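**Q** Pasting the sequence and the predicted coordinates here, then a few questions.
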Amino acid sequence: MRFVFCCLLAVALLIAQSVLRHLFLPEWLVPQGLLICAIFLAFYEFSLAGAVAAFLLGLLLDLSSGVLLGPWAAAYVVIYGVFTFLSQRLFVESSAVSMMVVAIATLLSGVVFLSLAFEYQAVTLAELAMLAGQALSSAMLTPLVFKILRFAWRRPDRALNKRGAVVSAV
Amino acid sequence: MRQEISSRTQVAATCFGLFIASLFLTAYTAKNPGVARIGSTLVLKVTGPFTGLINAAWDSCNGAWKNYVNLIGTAKENVAFRAKLDELEGRASLVNELERENGRLRELLKFSTERQLAGVTATVIGGDASGWVKGITVNKGSLDGVAPGMPVLHPRGVVGQVVAVSTGSARVLLVSDHASGVDVLTQESRARGVVEGAGERVCELKFIPKEFHVKEGEQVLTSGMDGVYPKGVLVGTVSQVGAATSGLFKTVEVKPAVDLARIEEVLIVFSNTQTQTAPASTGLGAR
């Protein structure tokens, strides 16, 4: 159920990215909503399903471009892998930390994408600036996307606790 | 503890496997772009109607804001005359906008009639979600006769090529994208080469032999030899000619004729010959 929710959110973010890009924002400021979902999965879904979901999110972005399938999928899997193992030592409960993580992940995913999509290897300064801009805007969007996804990923015991029920510690 | 390590190994192995699968997929779709286009069409079928809907909603909200909410603000400031004046101004700006749109569409119609191109006009409704691929989404699809591979033009020049189509929308790869290529001729020196995208607003003219004296400011036109674009359509202007290097070819930079970041309407050409006719509903060729 939570993956269906994540999938719907991903499609909504994809549409939002496309419309935002056209109507309001220059491409260097369009946030990478799908990447934020992949980061969330890295921290909250340490499982095979999480890895496959991250791959599918990247594939969705590849499919939306219609040029090459694979570069974004690979980038998202790398991001998932790296941050899954970092998640043992890093807590993203604070918005500031999650924003920083997403900014770094955006830069990292851009690097992986550029190194895989051979047609895009002639990187210009403008494209590097775009990467920085996207990292910034993605970081700004992170608290909102995390909040929405946390809603689906919340554990029943946590929900009970909020209502005042006693949760057994052991 | 042992179980945790095993689960870690499983996730790491899955990530590695998926990464390798992605690499194979990238290599495969680089050789067979048709596969990527089929997938893209599916995504477009899901997202296209929503993109169109949001655009339409935005346009009507924008119109409402201009023509109504502004009016309330001024009405609060007072006098009925002022409100009337604002309303008229709002209408005038709307008429102005419609006039401009009309002008642009007329320009497209004139362009297609002059060149005897059967096609359909389309409005840009979206951009590429990742920002890395230079592409746009337009509001015409297979129901209007649009198919993958069709050239997309503007009265000022070449825009790109249709790469994926759903019933009501289509995705266009712009000439400024690294993955696009147009067979071209330079107008004066008659040198033949291929224009490929090279970044934000620049293209690169490749395979121009050194002995051709291509000058800055020279116009670059489609050669019609690629079987996609009709012959003689402006692609751009030579903005920079690189110093001769040890290779066989010159490095030439081309500035696209069309401001690809600002296009609003485009012409999707059904065929570069006059044999194919447009569908009766919306095709320019049928008008």
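**A** Cool, got the structure. Numbering: from 1, shown residues only, chains lettered A, B, ... in the order given.

**Q** contacts, neighbours, all on C-alpha from now
**A** OK.

**Q** A:Leu131 is in contact with A:Glu106, correct?
**A** Actually, residue A:106 is Thr. It isn't Glu. Yes: between A:Thr106 and A:Leu131 there is a contact at 7.4 Å, judged by CA atoms under 8 Å.

**Q** Compare the two and say which is more crowded by neighbours.
**A** Per other CA atoms under 10 Å in any protein chain shown, whichever of A:Thr106 and A:Leu131 has more neighbours is A:Thr106, with 29 against 24.

**Q** Residues in contact with the helix or strand that contains the more buried one: which ones?
**A** Remark: A:Thr106 resides in helix A:95-116, with elements defined by DSSP states H and E. Identification of contacts with helix A:95-116 by CA atoms under 8 Å, 6 or more residues apart in numbering or on different chains yields A:32, A:35-36, A:39, A:71-72, A:74-76, A:78-79, A:91-92, A:120-121, A:123, A:131-132, A:134-136, A:138-140, A:142-143, B:23, B:26.

**Q** can you do 7 Å?
**A** A:36, A:39, A:71-72, A:75-76, A:79, A:92, A:120-121, A:131-132, A:135-136, A:138-140, A:142-143 (CA atoms under 7 Å, 6 or more residues apart in numbering or on different chains).

**Q** send the alpha carbons of that helix over as CSV?
**A** Taking C-alpha atoms only, helix A:95-116 is exported to CSV below (Å, rounded to 0.1, in the frame of the first residue of the first chain):
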residue,chain,number,x,y,z
SER,A,95,14.7,19.1,8.2
ALA,A,96,18.1,20.7,7.9
VAL,A,97,19.9,17.3,7.7
SER,A,98,17.4,15.9,5.2
MET,A,99,17.8,19.0,3.1
MET,A,100,21.6,18.7,3.1
VAL,A,101,21.4,15.0,2.3
VAL,A,102,19.1,15.7,-0.7
ALA,A,103,21.3,18.5,-1.9
ILE,A,104,24.4,16.2,-1.9
ALA,A,105,22.4,13.4,-3.5
THR,A,106,21.2,15.7,-6.3
LEU,A,107,24.8,16.6,-7.1
LEU,A,108,25.9,12.9,-6.9
SER,A,109,23.0,11.7,-9.1
GLY,A,110,23.9,14.4,-11.6
VAL,A,111,27.5,13.2,-11.7
VAL,A,112,26.4,9.5,-12.2
PHE,A,113,23.9,10.6,-14.9
LEU,A,114,26.5,12.6,-16.8
SER,A,115,29.1,9.8,-16.6
LEU,A,116,26.6,7.2,-17.9
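
**Q** I'd like the next helix or strand past that helix.
**A** Remark: after helix A:95-116, the chain's next helix or strand is helix A:125-153, criterion DSSP H and E.

**Q** Now B:Gly168: closest residue in space, sequence neighbours ignored.
**A** Nearest non-adjacent residue to B:Gly168, counting by CA to CA, 6 or more residues apart in numbering or on different chains: B:Gly141, 4.3 Å away.

**Q** Where does the nearest residue to A:Ser138 once chain neighbours are set aside sit: helix, strand or coil?
**A** Closest residue in space to A:Ser138, ignoring its immediate chain neighbours: A:Pro31 at 4.2 Å, by CA to CA, 6+ apart. Put simply, A:Pro31 is coil when judged by DSSP: H, G, I helix; E, B strand; the rest coil.

**Q** Same question for B:Gly236.
**A** Per three-state DSSP, B:Gly236 ends up strand.

**Q** List the residues that contact it.
**A** By CA under 7 Å, 6+ apart, the residues touching B:Gly236 are B:219-220, B:254-257.

**Q** So what pairs up with it in the strands?
**A** On the basis of DSSP bridges, B:Gly236 is bridged to B:Val220, B:Pro256.

**Q** quick one: pLDDT of it?
**A** Note for B:Gly236: predicted pLDDT of 91.

**Q** do A:Val77 as well
**A** You'll see A:Val77 listed with a pLDDT of 93.

**Q** how about the nearest residue to it, chain neighbours excluded?
**A** Among residues not flanking A:Val77 along the chain, A:Phe55 sits closest, at 5.4 Å (CA to CA, 6+ apart).

**Q** thought the one you found was touching A:Pro71?
**A** No: if you go by CA atoms under 7 Å, A:Phe55 and A:Pro71 don't touch, sitting 10.3 Å apart.

**Q** So what does A:Ile15 have for phi and psi?
**A** Dihedral pair for A:Ile15: phi -60, psi -40, per degrees, to the nearest 10.

**Q** Read off the pLDDT value for it.
**A** 84.

**Q** With the one 4 residues further on instead?
**A** The predicted local distance difference test score for A:Val19 is 78.

**Q** Name the residues of chain A found near chain B, please.
**A** Counting by CA under 7 Å from any CA of the partner chain, chain A comes close to chain B at A:14-15, A:17-19, A:21-22, A:27-28, A:32, A:47-48, A:51, A:55, A:61, A:63-71, A:73-74, A:77, A:81, A:119-120, A:124.

**Q** returning to what we had before: which helix or which strand is home to the residue nearest to A:Val77?
**A** Taking DSSP H and E as the criterion, A:Phe55 maps to helix A:48-65.

**Q** packing partners for that helix?
**A** helix A:33-44, helix A:71-86, helix B:2-31, helix B:33-64 (3 or more CA pairs under 7 Å, 6 or more residues apart in numbering or on different chains; DSSP states H and E).

**Q** buried residues in that helix?
**A** Residues of helix A:48-65 classed as buried: A:48, A:50-65 (neighbour count, 16 or more other CA atoms under 10 Å in any protein chain shown).

**Q** same thing with stretch A:107-121?
**A** Going by neighbour count (16+ other CA under 10 Å), the buried part of stretch A:107-121 is A:107-110, A:112-114, A:116-117, A:119-120.

**Q** picking that back up, any chance of the helices and strands packed on helix A:48-65 in CSV, plus mean neighbour count?
**A** Shown next, in CSV, are these (neighbours: other CA atoms under 10 Å in any protein chain shown):
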stretch, mean neighbour count
helix A:33-44, 25
helix A:71-86, 26
helix B:2-31, 17
helix B:33-64, 18
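
**Q** what does the helix holding A:Phe55 contact?
**A** A:34, A:38, A:41, A:68-70, A:72-74, A:76-77, A:80, B:11, B:14-15, B:18, B:36, B:39-40, B:43-44, B:128, B:130, B:133.

**Q** wait, the residue nearest to B:Gly168 sits on B:Ser169?
**A** Yes: assessed by CA under 7 Å, B:Gly141 is found in contact with B:Ser169 at 4.2 Å.

**Q** and those two? which has more neighbours close in?
**A** Each of B:Gly141 and B:Ser169 has its neighbours counted (other CA under 10 Å); B:Ser169 has more, 29 against 23.

**Q** so how far is B:Cys15 from the more buried one?
**A** Applying CA to CA, to the nearest Å, the value for B:Ser169 to B:Cys15 is 35 Å.

**Q** same check, this time on B:Thr26
**A** Taking CA to CA, one finds B:Thr26 at 16 Å from B:Cys15.

**Q** Next to chain A, which bits of chain B? Give me the list.
**A** So chain B meets chain A at B:11-12, B:14-15, B:18-19, B:22-23, B:25-26, B:29-30, B:33, B:36-37, B:39-40, B:43-44, B:47, B:51, B:125-131, B:133, B:163-164, B:178-179, B:199 (CA under 7 Å from any CA).
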